[in-house]
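A.B. asks: Need coordinates for the below:
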Amino acid sequence: MKRTAIAASAIAALMLTAACGGGGGGSEGNDGEFIEGGGAGAGKDATAEGPVKVPADAAEGGTVSILTSVAPHTLDPTRTYYTDSGAIMSGLVTRSLTQYVYDEESKDTILVPDLATDLGKTSEDGLTWTFELRDGVKYEDGTEITAEDVAYGIKRSFAIETLPDGPTYQTTFFVDGDKYKGPFADTEAELKKLSGYEAGNGWYGGEDYKGVEVDGNKVIIKLAQPFPELDYYASFPVFSPIPKAKDTDPLAYESHPMATGPYKFASYKPGASLELVKNDQWDAASDPGRIQAVDGFSFKFAQDTAKLENTIKGDKGAAQTTLTYDNVTPQTYKSVKETAPDNLILGSSPCTFMVFMDQNKIKDKKIREAIGWAYPYQAAWKAAGEIVGVTRQPSTAILPPGTAGRVDYEYPEGQDGQTTDPEKAKALLKEAGAEGFELKWYYARDDEEAVAVKDQQVKAYEAAGFKATPLASTTETIRDDRSDLKADINLRSSGWCSDWPSGGSWFPAQWDGKLANTEGMPNPANFKEADADAKQAEILKMDPDEVPGAWGEFDKWMQETYYPAVTIGYAGSAFIKGSKLGGVFNEPTKGMPTLSTMYVTK
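C.D. replies: Purely as a prediction, here's the structure:
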């Protein structure tokens, strides 16, 4: 799930894709602030049932207002792959096969059933998953959802050229995932319009897809290779039902997707606002994770950061039932912490920022280690407007804290994720015979914080004996510029967030040479190593209970063996709310507020 840019504008230039993790605990910030809830959603409860109890202090009705400086990329369930749109759709509007619920005791999220009666059943060989649907769940217009609707929603996700930017694990793991092109390309003429088409390549489209079958109220998914973590992936909106009759214009479906959750669209102005009202066809008894305590939600996008923070800090009138899911500025953080600490919500976020080092251009591992010692961790965080120790934590392993199976280690040895040591970098460059080695990367010239971070990088790299050559891009083009693996750069500063709570949503997408450059698999380090590919393939065949730990070990092995990325910090959440909002917690699977349990207090 791609992470929305909700903190500093410098992060907006980053290529962050998000996911989920598990475990517990927390971490101590540099300023002494404890980030509660170090988990990221690995727990499961296949027997959870609705209804969810509405807290005793909840008032009847009211409207929750949400102000943010950014805007959702899309609200089409098939294309929803950012943390903000994912939280809105999964928390309030759409129901999928499974879902996450927040547990106040552990301060973590737990995977539970949603439309399905359980978390799915697998065949002995791991190549077939069966999800049985609950009876009587309805759309907002009163019609019952069917297994065919869920199957159609899944098939729709293969129409990547028509509906781009959504999650794409299905193209890798599902039967014919590389051949099936979705329900819209149902003629040879339409297939020929798709980029990459060649006669005889086996592509096909239409609704007769081999990877998804329907048997009564059961959805049966066929896999090309084992996918032991499919139950987590099934929580994405891409696994929500879509009635074919309402999808006559696929690009327009996002203007009013059919609601199955407690709220439905009243009005939507892309980039500006979204108004949600109660869905009277939603049945609380069938839903183990959501409540319907308020009359509606009012979202205002692309708001001025200073104005929205001042509004919520004022905590008067409508501001008492208003919140933001943007990480607040350091000044607001300090002010609210002192004057209204109960209105400040802190927590973890399962994201790691990294400098990916192009393996085709920085071939000597000593040079890569030198970059790890040269990077200006603390200076860059402060330049980006981060609250060090709160919204940015020092990082060591690639997998963030709380991820199931995570192994804690430091590489290079002694690098604690926040220490800049130009002398160690210089020594490594001298050993490699690479003094003055040129580092080239893109930055957004129209982003003040990105420019400030760039300046700190140049200063640090040059102090460590490198030649620093930043290349100017813009906030509009930097994602494409940096994603081009043929670009004349050798560093790509970006990041990744868990899609589910283990390395299965991290390593195949970024460090599998066989999948490199396929849709949704960016491989920004140009990492293609046969032994790493073989290890990943073996992990996917393991018993599901063994998989998370195996990914943790792979994390350590890959960094110690190849070191393709410098980790430059774990993300954290710090947002503010009005004093009359209850049920507001940080959801560690997304680093977003728990919209599904929110209410106005009496």
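A.B. asks: which strands and helices sit next to whichever strand or helix holds Tyr152?
C.D. replies: Here Tyr152 sits within helix 147-156, counting by DSSP states H and E. Judged by 3 or more C-beta pairs under 8 Å, 6 or more residues apart in numbering; DSSP states H and E, the packing partners of helix 147-156 are strand 212-215, strand 218-222. Backbone N, C-alpha and C define where each C-beta goes, glycine included.
A.B. asks: by contact count, what packs against the last one?
C.D. replies: Using 3+ C-beta pairs under 8 Å, 6+ apart as the contact definition, the elements that strand 218-222 packs against are strand 128-132, helix 147-156, strand 212-215.
A.B. asks: Can I get those in JSON lines including mean neighbour count?
C.D. replies: Converted to JSON lines, the helices and strands packed on strand 218-222 look like this (neighbours: other C-beta atoms under 10 Å):
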{"stretch": "strand 128-132", "mean neighbour count": "20"}
{"stretch": "helix 147-156", "mean neighbour count": "23"}
{"stretch": "strand 212-215", "mean neighbour count": "16"}
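A.B. asks: list the contacts for Pro376?
C.D. replies: Taking C-beta atoms under 8 Å, 6 or more residues apart in numbering, we find Pro376 in contact with Thr420, Gln456, Gln457, Lys459, Ala460.
A.B. asks: out of the residues you listed, which are buried?
C.D. replies: The neighbour count (16 or more other C-beta atoms under 10 Å) marks Thr420, Gln456, Gln457, Ala460 as buried among the contacts of Pro376.
A.B. asks: ok so, going back, let me know which of the helices and strands packed on helix 147-156 is the nearest to Glu140.
C.D. replies: Evaluated over these, closeness to Glu140 peaks at strand 218-222, with 21.1 Å, by C-beta to C-beta.
A.B. asks: how far does the helix or strand following that closest one sit from the chain's center?
C.D. replies: With elements assigned by DSSP H and E, the helix or strand that comes after strand 218-222 is helix 230-233. A distance of 14 Å separates the centroid of the chain from that of helix 230-233, by C-alpha atoms, centre = their mean, to the nearest Å.
A.B. asks: can you pull up the bridge partners for Thr469?
C.D. replies: Beta-bridge partners for Thr469, by DSSP bridges, are Lys440.
A.B. asks: Quick one: residues contacting it.
C.D. replies: Listed by C-beta under 8 Å, 6+ apart, the contact partners of Thr469 are Glu438, Leu439, Lys440.
A.B. asks: Output these as TSV; include the columns neighbour count.
C.D. replies: Below are the contacts of Thr469 laid out as TSV (neighbours: other C-beta under 10 Å):
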residue	neighbour count
Glu438	12
Leu439	25
Lys440	16
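A.B. asks: tally of neighbours for Glu538?
C.D. replies: By the measure other C-beta atoms under 10 Å, the count of residues near Glu538 is 11.
A.B. asks: What helix or strand is it located in?
C.D. replies: Going by DSSP H and E, Glu538 is part of helix 530-539.
A.B. asks: list the buried ones in that helix?
C.D. replies: Neighbour-count burial for helix 530-539 [16+ other C-beta under 10 Å]: Ala532, Asp533, Lys535, Gln536, Ile539.
A.B. asks: just stretch 91-105 next, same as before
C.D. replies: Going by neighbour count (16+ other C-beta under 10 Å), the buried part of stretch 91-105 is 91-103.
A.B. asks: and which of those residues is nearest Lys337?
C.D. replies: For those, the nearest to Lys337 is Tyr102 (22.7 Å; C-beta to C-beta).
A.B. asks: Look up which residues are beta-bridged to the closest one.
C.D. replies: Beta bridges link Tyr102 to Thr109, judged by DSSP bridges.
A.B. asks: quick one on the thing from earlier: want to throw the contacts of Pro376 into TSV with secondary structure and pLDDT?
C.D. replies: Listed next are the contacts of Pro376 as TSV, based on DSSP: H, G, I helix; E, B strand; the rest coil; pLDDT from 0 to 100:
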residue	secondary structure	pLDDT
Thr420	coil	98
Gln456	helix	98
Gln457	helix	98
Lys459	helix	98
Ala460	helix	98
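A.B. asks: Save those residues as CSV, and put in distance to Pro341 too.
C.D. replies: Below are the contacts of Pro376 laid out as CSV (distance: C-beta to C-beta, whole Å):
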residue, distance to Pro341
Thr420, 33
Gln456, 31
Gln457, 35
Lys459, 36
Ala460, 35
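A.B. asks: between those residues, which is closest to Phe353?
C.D. replies: Minimum distance to Phe353 across the contacts of Pro376 is 13.1 Å, recorded for Gln457 (C-beta to C-beta).
A.B. asks: if I pick that closest one, what's in contact with it?
C.D. replies: Residues in contact with Gln457 (C-beta under 8 Å, 6+ apart) are Tyr375, Pro376, Ala380, Trp441, Ala468, Pro470.
A.B. asks: hey, which strand is longest across the chain?
C.D. replies: Counting residues, the longest strand in the chain under DSSP state E turns out to be strand 344-357.
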